[in-house]
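Chemist: Give me the fold of what follows.
(chains A and B)
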Amino acid sequence: MLFNQGTDRVDTSAQALRRTSFWFAAIALLCLFCADLDVSTSDPWHELGLMAIGALSPSVWSWPTLLTSLANTFSFALQGVSLAAVSGFILALGYGSALVRSFCAFIRSIHELFWALLFIQITGLSSLTGLLAIAIPYAGTLAKIYGELFEEVDLAPASNSPTTKQPLTHFLYTVLPLAWRPMTIYTSYRFECAIRSSAILGFVGLPTLGFHLETALGEGHYSEAAAYFYALLLLIGTLRFWLQKRLLPIYLLAVFYYLPPEAQISWELAARFITEDIVPAPLRGDTLLAAGTFALFADWFSLLWQHQIWPGLVNTVLLGQISLVFTGLLALLLFPLNSPLFFRRWGRASGDGLLILLRTIPEYLLAFLGLLVLGPSMLPAVLALGIHNGAIIAHLVGRHSAELSLRADSSRGLNLYFFEILPRIYRQFLAFLFYRWEVILRETAILGILGISTLGFYIDSAFEEFRFDRALILILASALLNMGVDQLARRIRLRLHLKTAPESL
Amino acid sequence: MILRFSSFILAALLLTTSLANSQPFIFTAIPDQNEAHLQERFNKIAGYLQNELEIEVRYIPVKSYAAAVTAFRNNQVQLAWFGGLSGVQARRLVPGSQAIAQGYEDQFFKTYLIAHSSTGIEKSAQFPKAIAGKSFTFGSKGSTSGRLMPEYHIRENLAKAPQKIFSKVGFSGDHSRTIALVQSGAYEVGAVNFKVWDKELAAGKVDPAKVAVIWETPTYPDYQWTVRNDVTARWGPDFKRRLTAALLAMKDPDLLASFPRQSFVKASNELYTPIADTAVAIGLIDAKK
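Modeler: Numbering: from 1, shown residues only, chains lettered A, B, ... in the order given. As a prediction, the model looks like this:
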């Protein structure tokens, strides 16, 4: 048996869904009381005005720069997702094992930016660094999605076909064909995410759109920033027209020809990184055996715990839980925009356009806007994470709602929403939301401008200070948190029998 | 054409192992303002050095202080225009490397504390203790003028860590953004590189009715050119002297505007001891064992 089904009691009643939703909302409310939500600002209009003018008057400073960074963004994303799809598939074959699941949760708990910063230490600023920074966390994510899809397929073909000594063959004929379609849908959706990740890798110096976008935003060159942003938006918004299955091999060849993954890997650097850089400072060199070393290490760790790990954990969880529920509410509000059950052709096209816009605006830009209007607190962070992730889930839920068929005499408007669609999509909605749970926790890392000291904030500081030993411990702490969340989400999913594949109706 | 252009950029990023002597001399730079269009502007500097030194010289753009130091440490670049703190970090990580030249202005660099008018804090020669309890933003985490020096003076004068002194502490990531955030009142007080402030003020981007300088730090040494020691093995024992001479002889205002500095003057590692001590004092780097 390739996969074991959960042994938890399954409860598929609507009451169980309500109870779960209630507890999440209650916990978020509790977090709200502990969170800093002050509103304090006096005069955001000058800066907002400049940004609005910039948004309306995009200007391209250099076409070659724009086009090459666009091509680089696309190349890193396509290469990264291809590699991730292959390795994610292999990992998914063993997804029944808790060890494999933990490993996948571990590699995807580290933000792409931090993977890039780690690889830069060994492979330098190279095309290989960009590829790996995307491929590794995405392999973890795709393994999870594939693995869960394999668990969800109809068991009838598998149990009715003769048993064989070759479980892989059995799997290829009975499980894979059923999971194939949702797998391709998810992989193509992850590709869109990979383009955003690829753009963001520019923040640490890889030559993608984010490189120029962040510089232009930082210096207030809003017209130029707008041009880069619109280029990203255009790339993502038009994907479905030109990224077609049969053209994929051509694109793949093209990106590997255009940007071959290469780097000069210096084993000396790699060895130094492993035997020196990431070793906790008190244990370095020949002091390891000296008396008192353990006490020094204990001091070092306890200081790190008091000043960074514990406050980081608390803030990450507070911000994460509030943002999760806000994301969910926003997704429920917005999904009709991308649903053919509510909007026809043009209405739906422009609705989805709005969702693309909302999820393409980098979170740190949303946070900056929120900071100008609301002042520094957790509020802009919740808004940034909620809008970004809410638009993503709304898009997915809306698309899934397209698979529902309505009776000819179905109700309309609010009645249709509350009494027909919402109950029927709620299971998938929760499944998507639990997927984003860990993503939201991970993304709290890039909101340093708000001064919220999450684990990611401290990881970023540790890289900035070349304290890779601290960075490693903090990364491990956030990975443990992520694995815990992953376990919990999995239990809830199995218990409520949440499915990520659309209901067959 | 576009394809070639980008593979050129990446080729510059990727070092091939063969033929040590055919490797170009590569440098990077993180200016404190005008970070846009670096590639275009610094290719001119590369051209200048190439003429002066008669070897192939390339520039690679780097985004953050940390990335610049890493590239330097890994020998992806042999020469870098660092900030005060990033230079200290780089020279600690690459023993033997040397600060060879600094900007004329970098001999007496300073940081301004700026405040929104609603705080009612006036400019003073004394450190403005009234900033305690306000919300505060630094620039980038690794910046000398936006983080290191202001944090040092804040700790010196108020005897506590910034997180204990201020109601909120943010890191805007950029000097221009610090000004925008304090001007909008999102943060009440901020720390900003004096050159960026002066430039934005002159350009009319600052509204003096909303944001003003309330204090300036004593001067300290900041940006400098730092070179790796092993360049002599590849380009000859005389290379560092010739490189230094070429930098000091840069007089074309168009080239100097990229940094932007009026000229370059001699520098040494010892000049930056105060920066290193300050970084140790506030816990940004560990004391040497």
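
Chemist: Would you mind giving me the confidence score for residue 260?
Modeler: This is for chain A. pLDDT recorded at A:P260 is 91.

Chemist: try again with chain B
Modeler: Looking at B:P260, the pLDDT reads 88.

Chemist: now swap in A:K165 and tell me
Modeler: A:K165 is given a pLDDT of 71.

Chemist: Leaving out the residues flanking it, which one is nearest to whatever residue of the stretch 301-450 of chain A ends up closest to chain B?
Modeler: The nearest approach of the stretch 301-450 of chain A to chain B comes at A:P376, 4.4 Å away (Cβ to the nearest Cβ). The way it works is simple: take the backbone N, C-alpha and C, and place the C-beta from them, glycine included. Nearest residue to A:P376, sequence neighbours excluded (Cβ to Cβ, 6 or more residues apart in numbering or on different chains): B:K168, at 4.4 Å.

Chemist: And A:G351, by the same measure?
Modeler: A:L337 (3.1 Å).

Chemist: The one you found against A:L355, yeah?
Modeler: Yes: contact criterion Cβ atoms under 8 Å: A:L337 and A:L355 qualify, at 5.9 Å.

Chemist: tell me, what's touching these two both at once?
Modeler: A:A394, A:G398 (Cβ atoms under 8 Å, 6 or more residues apart in numbering or on different chains).

Chemist: so A:G398 sits right up against A:N338, yeah?
Modeler: Yes: counting by Cβ under 8 Å, A:G398 touches A:N338, with 2.9 Å between them.

Chemist: and the residue nearest to A:G351, which of the three is it?
Modeler: Here A:L337 is recorded as helix under DSSP: H, G, I helix; E, B strand; the rest coil.

Chemist: That one: neighbour count?
Modeler: Using other Cβ atoms under 10 Å in any protein chain shown, A:L337 has 21 other residues around it.

Chemist: Show the contacting residues for it.
Modeler: By Cβ under 8 Å, 6+ apart, the neighbours of A:L337 are A:F343, A:R348, A:G351, A:D352, A:L354, A:L355, A:A394, A:G398.

Chemist: Report pLDDT for it.
Modeler: 93.

Chemist: Average pLDDT for stretch B:186-202, rounded please.
Modeler: The model assigns stretch B:186-202 a mean pLDDT of 95.

Chemist: which residues are in contact with both of A:G398 and A:N338?
Modeler: What both A:G398 and A:N338 touch, as defined by Cβ under 8 Å, 6+ apart, is the set A:G351, A:D352, A:L355.

Chemist: May I ask which of those residues has the most neighbours?
Modeler: With neighbours defined as other Cβ under 10 Å, the most crowded of the shared contacts of A:G398 and A:N338 is A:L355; it has 23 neighbours.

Chemist: Could you check how far that one is from A:V397?
Modeler: Separation of A:L355 from A:V397 (Cβ to Cβ, to the nearest Å): 11 Å.

Chemist: Need the residues touching each of these two.
Modeler: A:N338.

Chemist: ok, for residue 281, nearest residue in space, not its chain neighbours?
Modeler: Answering for chain A, as no chain was given. A:D469 (5.6 Å).

Chemist: To clarify, I was referring to chain B.
Modeler: B:Y152 (6.4 Å).

Chemist: Using PDB, write out every CA atom in whatever helix or strand the one you found lives in.
Modeler: Using DSSP states H and E, B:Y152 sits within helix B:149-158. Extracted C-alpha coordinates of helix B:149-158, given in PDB (Å, rounded to 0.1, in the frame of the first residue of the first chain):
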ATOM      1  CA  MET B 149      25.600  55.400  14.000                       C
ATOM      2  CA  PRO B 150      22.100  56.600  14.900                       C
ATOM      3  CA  GLU B 151      21.500  53.500  17.000                       C
ATOM      4  CA  TYR B 152      24.900  54.000  18.800                       C
ATOM      5  CA  HIS B 153      24.000  57.600  19.700                       C
ATOM      6  CA  ILE B 154      20.500  56.700  20.700                       C
ATOM      7  CA  ARG B 155      21.900  54.000  23.100                       C
ATOM      8  CA  GLU B 156      24.600  56.400  24.400                       C
ATOM      9  CA  ASN B 157      22.100  59.200  25.200                       C
ATOM     10  CA  LEU B 158      19.100  57.200  26.400                       C
END
